[in-house]
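What follows is a predicted structure for the sequence shown.
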Protein chains: 2
Amino acid sequence: MEIRPADAEDWPRIWPVLRETVQAGETYALDPAMSAEQGRALWMTEAPRATVVAVSERALLGTATMGPNRPGPGAHVGTASFLVSADARGHGVGRALATYVLDWHRRHLFRGIQFNAVVETNTAAVALWTSLGFTVVGTVPEAFRHPLHGYVGLHVMYLPLT
Amino acid sequence: MEIRPADAEDWPRIWPVLRETVQAGETYALDPAMSAEQGRALWMTEAPRATVVAVSERALLGTATMGPNRPGPGAHVGTASFLVSADARGHGVGRALATYVLDWHRRHLFRGIQFNAVVETNTAAVALWTSLGFTVVGTVPEAFRHPLHGYVGLHVMYLPLT
């Protein structure tokens, strides 16, 4: 597995994973009817943000975006989003991307990383972030409407880097 | 004081208040170098969001925007932002706008209102939201760089409406 910056040629392989994820509606508070154009604007970022892909041979295993969580007086805290291809789940792709993202934030001298909306039933994600040192700062009750579980909480998670 | 939907003719009076607020850098994690065009895109919203002004005679006392906090599975929780003109502070404008915003959310059947980033040193705002029933769900430590106080926390605040 190699993790490298995404380029325009990666987008046709990223979009089906993003589309499947938003249509499933289990892990991201994003519009399930998102168009490819909206998806590209969301995921294919430019500096000071970055987008990477995890690839093996020519297969897309996963992808992540990262950058400042807020502008101006909030720009010293970063954030990130992750997607792992359905076929590649359970093989450490998420952890490899997360490790890259932590290194990226340290290299760019961010003071911390904040996840704004981790769905509390996404236990794989919560366990991964917790194992990397993130803590749940708070949980907004019933802020996410899950297709199976109904209204569930959204965790705000944070990792200090200083 | 009258609170009514904002129209295009209100923008020239809103922009100086927004610009002064972002340049002061004490209450919003927004780009202090924001252009008028960026400000207008941020503040002059369209459905399903709404923007209102508090006016007295022809003077702008304050303004608020409101709408879904997140798309898709998060769209049942709302959020809002507020500005009060420097000359009008301490006269209940913020509370009047907040009352309008709460009514608006109830009318549109939102299940709650979330503030994502209340600067913890903005004690007037924290006290106002608390008096209206909001609680601090969590505080992201040092997530805001205040020009006087240095790194201070950002509160996530929430009010259930169901």
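Ah, there it is. Numbers count the residues shown, from 1 in each chain, chains lettered A, B, ... in the order given.

Residues contacting the helix or strand encompassing A:Pro12, please?
Element membership for A:Pro12 (DSSP states H and E) is helix A:11-24. Among residues not part of helix A:11-24, those counted as contacts by Cβ atoms under 8 Å, 6 or more residues apart in numbering or on different chains are A:6, A:27-28, A:30-32, A:34, A:36, A:39-40, A:42-44, A:53, A:60, A:62-63, A:83-86, A:147, B:72. (C-beta placed from N, C-alpha, C; glycine too.)

Give the bridge partners for A:Ala50, please.
On the basis of DSSP bridges, A:Ala50 is bridged to A:Met66.

On the pLDDT front, check it for me.
Here the pLDDT value assigned to A:Ala50 is 98.

Against chain B, how distant is it?
According to Cβ to the nearest Cβ, to the nearest Å, A:Ala50 stands 19 Å off from chain B.

pretty sure that residue is touching A:Val101, no?
No - contact criterion Cβ atoms under 8 Å: A:Ala50 and A:Val101 do not qualify, at 9.1 Å.

higher neighbour count, those two?
A:Val101 (23 against 18; other Cβ atoms under 10 Å in any protein chain shown).

Where does the more buried one fall, secondary structure wise?
Mapping A:Val101 onto the secondary structure by DSSP H and E places it in helix A:93-107.

Okay, buried residues for that helix please.
Within helix A:93-107, the residues that qualify as buried by neighbour count (16 or more other Cβ atoms under 10 Å in any protein chain shown) are A:Val93, A:Gly94, A:Ala96, A:Leu97, A:Ala98, A:Tyr100, A:Val101, A:Leu102, A:Trp104, A:His105.

Could you tell me which residues of chain A lie near chain B?
Residues of chain A found near chain B (Cβ under 8 Å from any Cβ of the partner chain) are A:22, A:25, A:28-32, A:69-77, A:111-112, A:114, A:116-117, A:136-147, A:151, A:154, A:156, A:158, A:160.

how does it look with 6 Å?
Selection of chain A residues close to chain B by Cβ under 6 Å from any Cβ of the partner chain yields A:25, A:29-32, A:70-74, A:77, A:114, A:137-138, A:140, A:143-145, A:156, A:158.

Report the buried members of the residues you listed.
Listed as buried from the residues of chain A next to chain B are A:25, A:29-31, A:70-74, A:77, A:114, A:137-138, A:140, A:143-145, A:156, A:158; burial here means 16+ other Cβ under 10 Å.

picking up where we left off before, work out the gap between the helix holding A:Pro12 and the centre of the chain.
Distance of helix A:11-24 from its chain centroid, counting by Cα atoms, centre = their mean, to the nearest Å, is 13 Å.

Looking at the helix or strand just after it now, give me its mean pLDDT.
Going down the chain from helix A:11-24, the next helix or strand is helix A:36-43, by DSSP H and E. Looking at helix A:36-43 alone, the average pLDDT works out to 98.

Keeping just the C-alphas, turn stretch A:64-74 into PDB.
The C-alpha trace of stretch A:64-74 is given here as PDB (Å, rounded to 0.1, in the frame of the first residue of the first chain):
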ATOM      1  CA  ALA A  64      -8.400  11.200   3.000                       C
ATOM      2  CA  THR A  65      -8.700  15.000   3.000                       C
ATOM      3  CA  MET A  66      -7.100  17.200   5.600                       C
ATOM      4  CA  GLY A  67      -6.700  20.900   6.400                       C
ATOM      5  CA  PRO A  68      -7.600  23.700   8.800                       C
ATOM      6  CA  ASN A  69     -10.900  23.100  10.600                       C
ATOM      7  CA  ARG A  70     -11.800  26.700  10.600                       C
ATOM      8  CA  PRO A  71     -10.400  29.900   9.000                       C
ATOM      9  CA  GLY A  72      -8.800  32.900  10.800                       C
ATOM     10  CA  PRO A  73      -8.400  32.500  14.500                       C
ATOM     11  CA  GLY A  74      -9.300  28.800  14.300                       C
END
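
if you average pLDDT over that stretch, what comes out?
Mean per-residue pLDDT for stretch A:64-74: 98.

Could you save the buried residues of helix A:93-107 as a markdown table and add columns showing pLDDT?
Putting those into a markdown table (pLDDT from 0 to 100) gives the following:
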| residue | pLDDT |
| --- | --- |
| A:Val93 | 97 |
| A:Gly94 | 97 |
| A:Ala96 | 98 |
| A:Leu97 | 98 |
| A:Ala98 | 98 |
| A:Tyr100 | 98 |
| A:Val101 | 98 |
| A:Leu102 | 98 |
| A:Trp104 | 98 |
| A:His105 | 98 |
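
Many thanks, have a good one.
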